[in-house]
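Novice: My questions concern the predicted model and sequence given below.
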There are 2 protein chains.
Amino acid sequence: MKTLRVPEATVTRLSIYSRYLERLDRNGVTTVSSGEIAEGVGVSPAQVRKDLAYFGEFGTRGVGYNVKDLMRYTKKILGLDHNWPLILVGAGNLGYALCTYKGFNSRGFKIVGVFDNDLTKIGKRINELEVLPMEKMPDVIKEHGVKIGIVATPNRAAQEVATYMVKNGIQAVLNFAPLPLNLPEHIEVRNVDLSVKLEILTFNLGFKSAQNV
Amino acid sequence: MKTLRVPEATVTRLSIYSRYLERLDRNGVTTVSSGEIAEGVGVSPAQVRKDLAYFGEFGTRGVGYNVKDLMRYTKKILGLDHNWPLILVGAGNLGYALCTYKGFNSRGFKIVGVFDNDLTKIGKRINELEVLPMEKMPDVIKEHGVKIGIVATPNRAAQEVATYMVKNGIQAVLNFAPLPLNLPEHIEVRNVDLSVKLEILTFNLGFKSAQNV
């Protein structure tokens, strides 16, 4: 398993399928077809089958997939069969929003440390967490075995913060600052650019108005 | 042009190429190859060429692309050859973070109205904007010709807010609440699930540790 190189778009969709399966499971649905998954998340049935085929054989022809099994399996593939402790740097509005974001907990992500170098922020509480000075980061990473760090700082601080994270054992960085980070090859980095999805909307609005001309 | 159905993944990459081209342009770079774009954004050169081919012929074999022309053209395709006024509902931490997010302005997105139904939030200022009660939304939409609305409310309010937006003329919704919205077919909706990118990281961390076993 996982010997093929899996395209990132497939992993993204797997994450979305997995969430949809959780919802079906909560609603008591026990079996689902690729066509239903496709319609539920807005892709083609062939795409669903192709994406799942990267990871083995699922489902029974004419019967479909067992919701609970496929949900568990997709979560396992995504590494979500256990919880992930996270650290976050930047206790600004975005940092607060991320610390209180309901969508993390439900997928097993738990922010265990929030850091800032702003003396007016250190010591404040976000839910049950106290904002800590940067120099406490190494201890928190060790104590909780944290592998993933979130950068939610202003642009000017992002690179320095990410470098410090990596120096202290962080292996993967989720970057919310809208600029690219320069980190060693073996570190996994993903940027969350909040305007990319807006541009899909503007593309589609432009497409529609062109058709109406 | 735009007669082929363009895959959403292509539009997403186009948005990323376009940002990369802006950066090159700011740095004074005048020509770029598909290989350089590919390396700069982390996809294959063939992917770059295939994506751009949806929109016509670009570049000169052996010379590459003119950075400024391709940047302008990608922005035009994405509908970014003019500014887009936006409204946002939900003046919580996420709403504040989005209102002050640098990545919007630089792509021509400008939030022109922020709304909430919480009396403790109405009247507060976020930068130059005053948080307005929901009933002011129709006027703001009309005054600025707003087509895109952002939902940054708690889950329980998201559907009602989105329905109200659409009733008042909004044509596209960017939804940050981690639940699906039920809106008319002709409305463009995209969900921003902040944990999807985290799951790409956990997938890749799992993949690496499996290889090391």
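Specialist: Cool, the structure landed.
Novice: end to end, how far does stretch A:175-183 reach?
Specialist: End-to-end distance for stretch A:175-183, by C-alpha to C-alpha, to the nearest Å: 12 Å.
Novice: is that stretch anywhere near chain B?
Specialist: Yes - Stretch A:175-183 reaches chain B (C-beta under 8 Å from any C-beta of the partner chain) through A:Pro178. C-beta: built from backbone N, CA, C; applies to glycine.
Novice: outside of that stretch, which residues touch it?
Specialist: Residues outside stretch A:175-183 that contact it (C-beta atoms under 8 Å, 6 or more residues apart in numbering or on different chains) are A:90, A:94, A:98, A:150-155, A:157-159, A:162-163, A:166, A:173, A:189-195, B:101-103, B:106.
Novice: Pull out the buried residues from the residues you listed.
Specialist: A:90, A:94, A:98, A:150-153, A:157-159, A:162-163, A:166, A:173, A:189-195, B:101, B:103 (16 or more other C-beta atoms under 10 Å in any protein chain shown).
Novice: Mind listing residues that contact the lengthiest helix in chain A?
Specialist: Counting residues, the longest helix in chain A under DSSP state H turns out to be helix A:8-26. The contact list for helix A:8-26 (C-beta under 8 Å, 6+ apart) reads A:32, A:37, A:40-41, A:43, A:47-48, A:51-52, A:54, A:67-68, A:70-71, A:74-75, A:77-78, A:80, A:107, B:9, B:193, B:195-196, B:199-200, B:203.
Novice: Mind checking which of those residues are buried?
Specialist: Buried members of the contacts of helix A:8-26, counted by 16+ other C-beta under 10 Å: A:32, A:37, A:40-41, A:43, A:47-48, A:51-52, A:54, A:67, A:70-71, A:74-75, A:77-78, A:80, A:107, B:193, B:195-196, B:199-200, B:203.
Novice: Which of the residues you listed fall in strands?
Specialist: A:Val32 (DSSP state E).
Novice: Quick one: low-confidence residue ranges for chain A.
Specialist: Chain A contains residues with pLDDT under 70 at A:1-4, A:211-213.
Novice: surely A:Ile187 meets A:Leu174?
Specialist: No - between A:Ile187 and A:Leu174 there is no contact under C-beta atoms under 8 Å: 11.5 Å.
Novice: So for those two, which sits in the more crowded spot?
Specialist: Ranked by neighbour count (other C-beta atoms under 10 Å in any protein chain shown), A:Ile187 and A:Leu174 place A:Leu174 first, with 24 against 16.
Novice: Pretty sure A:Phe203 sits against B:Gly79.
Specialist: Yes - with contacts counted by C-beta under 8 Å, A:Phe203 reaches B:Gly79, the gap being 5.7 Å.
Novice: In its sheet, which strands sit next to the longest strand anywhere in chain A, and in what direction?
Specialist: Longest strand in chain A, counting residues (DSSP E): strand A:109-116. Applying DSSP bridges, strand A:109-116 is found paired with strand A:84-89 (parallel), strand A:129-133 (parallel).
Novice: What is the subsequent helix or strand relative to the longest one?
Specialist: Okay, so that is strand A:84-89. The element immediately downstream of strand A:84-89 (helix or strand, assigned by DSSP states H and E) is helix A:93-99.
Novice: contacting residues around the following helix or strand past that following helix?
Specialist: Toward the C-terminal end, the helix or strand that comes next after helix A:93-99 (DSSP H and E) is helix A:102-105. Outside of helix A:102-105, the residues within contact range by C-beta under 8 Å, 6+ apart are A:Leu86, A:Leu98, A:Lys110, A:Ile111, B:Asn155, B:Pro178, B:Asp193, B:Leu194, B:Ser195, B:Leu198.
Novice: Let me see the contact set for A:Tyr96.
Specialist: By C-beta under 8 Å, 6+ apart, A:Tyr96 lies in contact with A:Ile126, B:Asn93, B:Ala97.
Novice: cutoff 7 Å now
Specialist: Residues in contact with A:Tyr96 (C-beta atoms under 7 Å, 6 or more residues apart in numbering or on different chains) are A:Ile126, B:Asn93.
Novice: Having no further points to raise, I will conclude here.
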